[in-house]
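*Asks:* Okay, predicted coordinates and the sequence, questions at the end:
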Amino acid sequence: MNLKGEPATVGRHCGSNEYVVTPEGVAFYADALEDHNPLWARVAPPLLHHSECYKHLGDWYLKNLFGNLHAQQDWELFAPIPLGATLRTRSTIIDRYSKRGRDYVVNETDCMLASDGRLLVRGRTYQSFLPPRERPAEGGFVVDEESARKKAVRAAFPTATGPDLPTLEKRVDARRCWMFSGPGKNYHTDREEARKLGFPNIVVQGMMSTCFVAQLMQDAFGMGFLEGGRLSLKLTNVLWVDESVRVYGRLRESVREGTRERVHCDVWVEKDDGSRVLLGAASALKS
């Protein structure tokens, strides 16, 4: 029986799928993200299946979808994804807790080679939910453009003092939202669906900003990111359809890791008005 996320208990297996990595699938991802790295002629983007955890919503989402938000996303890359390979995924609840009036569920999704079980990519998705009693009155919004601009001041970031990575610029229009979060209607692709969940306009899926950061690191470190990259990213503000962002990175330090070196960076994504939609840490191995 599908209990629509209840009980969302730690250790619950949420589902598995298999996929074949095709050139057409890679090309669609590259077009949706405007990420045309030459590496994609040999391997697939590491976040090709960025939203695999959401294929099993009924097994880990809580019942109250009104106002739910993607709070944090971690990625660990262990090896490049080969073109033509068959992948197997596995989704598991690994944590659940309450913080500042919201309920959080953490889903860990592994992407492995079906042939030998080798782990290629692991994602941890922190989703936050409002308790049912906190639903606003009819027509009210959980967050809108004005309230999003009034977020509390946080600690200074970045604190890294090294060289800056080359900046990326992105504009997220409705077509990009549909390619990334479609093909069905949902609050990431359709304004009316967004209003049903407490938002006045299409909410750009938080995973997209994490993919932008992955692109920044791929461009800077190449195979060193695909072979051992890590991202730990907090989603700090809502990005709305038709807004533009810049993606930044700054070198913090380089440390020895076995026979190689790992480069640690501060990374963040800003709107044109300077508000940040994402910030966190990223690292890669030196090629």
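*Replies:* Right, received. Where do you want to start?
*Asks:* When you work out contacts or count neighbours from here on, use the C-alpha atoms and nothing else.
*Replies:* OK.
*Asks:* Can you name the helix or strand that residue 210 falls in?
*Replies:* Assessed by DSSP states H and E, residue 210 sits inside helix 206-221.
*Asks:* List the buried residues of that helix.
*Replies:* 206-219, 221 (16 or more other C-alpha atoms under 10 Å).
*Asks:* could you measure residue 46 against residue 225, distance?
*Replies:* According to C-alpha to C-alpha, to the nearest Å, residue 46 and residue 225 sit 9 Å apart.
*Asks:* Overlap of the contact sets of those two?
*Replies:* Counting by C-alpha atoms under 8 Å, 6 or more residues apart in numbering, the contacts common to residue 46 and residue 225 are residue 77.
*Asks:* Does the nearest residue to residue 110 once chain neighbours are set aside have any beta-bridge partners, and if so which?
*Replies:* Once flanking residues are discounted, residue 110 sits nearest to residue 122: 4.5 Å by C-alpha to C-alpha, 6 or more residues apart in numbering. Per DSSP bridges, the residues bridged to residue 122 are residue 76, residue 110.
*Asks:* Go ahead and confirm residue 122 touches residue 91.
*Replies:* No: applying C-alpha atoms under 8 Å as the test, residue 122 and residue 91 come out as separate, 9.9 Å apart.
*Asks:* Neighbour count for these two, which is higher?
*Replies:* Taking other C-alpha atoms under 10 Å, residue 122 and residue 91 do not tie; residue 91 has more neighbours (27 against 21).
*Asks:* For the helix or strand hosting that one, which helices and strands make contact with it?
*Replies:* For residue 91, the host element (DSSP H and E) is strand 86-99. Packing contacts for strand 86-99, counted by 3 or more C-alpha pairs under 8 Å, 6 or more residues apart in numbering; DSSP states H and E, involve strand 13-15, strand 18-20, strand 102-113.
*Asks:* quick one, which of the ones you listed is nearest to residue 156?
*Replies:* Taking C-alpha to C-alpha, strand 102-113 is the member of these nearest to residue 156, at 24.7 Å.
*Asks:* Let me know the average pLDDT across the closest one.
*Replies:* Averaging pLDDT along strand 102-113 gives 96.
*Asks:* List of residues touching it?
*Replies:* By C-alpha under 8 Å, 6+ apart, the surrounding residues in contact with strand 102-113 are 8, 52-53, 60-61, 85-98, 118-131.
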